[in-house]
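[1] got a sequence here, can you build the structure:
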Amino acid sequence: MPGFRRTTGRIAAVTVAGVLAAISLPILDALPAGAAKAPKSPVTVTPGDANIFTVAGTPPAFPDDVKAAVLAAIAAYLKAASLTAAQKGASDATGLATLLTGPAAARLTSTDRATLLDEGLPRATGKVKITTAPVTLTGLADPDGHVVIVNAAIDATTVLPTRSGNVTVKRTGDLVFAPDNGTWKIQGYTLTSERTGKKLGVTPTTTAPAGSTATSATPATTTRTVTK
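    Next up, the predicted model:
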């Protein structure tokens, strides 16, 4: 894992690799008819490049309704994972679970939780600011032109003022979206969350319970780097 730059204060860096659930053709039976209904969010997410690849034929244009649904889901994710924790002192794991497919949601009880959610951070004493770089979207379409999977490359920064100074959370990587019961949800991810600031404490971690139904392409790993 690449080293992080030395920073004044305390740094907790958490990396997760994997949790890419298997993609199969039966997923087409659950394709959304239109844009997903995502919770309203104060987080603004703008689109970057958007491309479609197809297994056969000419790739279609990236559907506007799919683009809007995925961007709304990203905004809702950042709100549940970061903004709620900063404002209320507790993350919204329940809200986040509704944005994940079943296998991905099961990872909330594993060490992935430390990357997916911002927990154990000082509570914000002022306005929390979340900024995102334009999100690059890459979709895969079936031979009939239906988009069946979307990869979203994210680069989001949360800055929260606290009594000890600003705490910054930098979250980068990819979210993989798939249609699930008429809604585009996060099916997989490869994320890095880097938290910088004073008095961060120890980010809590959990262990996946026996018999977990979660699947992953590679084992999730968690690494922390702490500097004075």
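[2] can you show me the strands along the protein?
    10-16, 47-54, 129-132, 135-141, 147-162, 165-180, 183-197 (DSSP state E).
[3] for Ala61, which of those is the nearest?
    With C-beta to C-beta, the closest approach to Ala61 among those belongs to strand 47-54: 7.2 Å. To be clear about C-beta, it is placed using only N, CA and C from the backbone, and glycine gets the same treatment.
[4] kindly export that closest one (C-alpha atoms) in PDB.
    C-alpha atoms of strand 47-54 as PDB (Å, rounded to 0.1, in the frame of the first residue of the first chain):
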ATOM      1  CA  PRO A  47     -21.300  14.000 -13.700                       C
ATOM      2  CA  GLY A  48     -17.900  13.700 -15.500                       C
ATOM      3  CA  ASP A  49     -17.300  11.600 -18.600                       C
ATOM      4  CA  ALA A  50     -19.900   8.900 -19.200                       C
ATOM      5  CA  ASN A  51     -19.300   6.000 -21.500                       C
ATOM      6  CA  ILE A  52     -21.100   2.800 -22.400                       C
ATOM      7  CA  PHE A  53     -19.600  -0.500 -23.500                       C
ATOM      8  CA  THR A  54     -21.600  -3.400 -24.900                       C
END
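[5] buried set for that strand?
    For strand 47-54, a neighbour-count test (16 or more other C-beta atoms under 10 Å) marks 47, 50, 52, 54 as buried.
[6] name the helices or strands packed onto it?
    Applying 3 or more C-beta pairs under 8 Å, 6 or more residues apart in numbering; DSSP states H and E, one finds that strand 47-54 contacts helix 64-78, strand 135-141.
[7] got these as JSON lines, with mean pLDDT and distance to Thr157 columns?
    Below are those laid out as JSON lines (pLDDT from 0 to 100; distance: least, C-beta to C-beta, whole Å):
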{"stretch": "helix 64-78", "mean pLDDT": "95", "distance to Thr157": "10"}
{"stretch": "strand 135-141", "mean pLDDT": "96", "distance to Thr157": "14"}
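[8] could you give the average pLDDT over stretch 153-164?
    In this model, stretch 153-164 has a mean pLDDT of 91.
[9] now do the buried residues in it.
    For stretch 153-164, by 16+ other C-beta under 10 Å, it's 153-154, 156-162.
[10] which residues touch that stretch?
    48, 74, 78, 82-83, 86, 118, 121-133, 135-138, 166-175, 197-199 (C-beta atoms under 8 Å, 6 or more residues apart in numbering).
[11] in PyMOL, how would I select the buried members of those?
    Remark: buried members of the contacts of stretch 153-164, expressed as a PyMOL selection using 16+ other C-beta under 10 Å:
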select buried, resi 74+78+82+83+86+118+121+122+124+128+129+130+132+135+136+137+138+167+168+169+170+171+173+175+197
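[12] for this structure, give me the ranges with low pLDDT.
    In the predicted model of the chain, residues 1-42, 87, 89-91, 201-228 satisfy pLDDT under 70.
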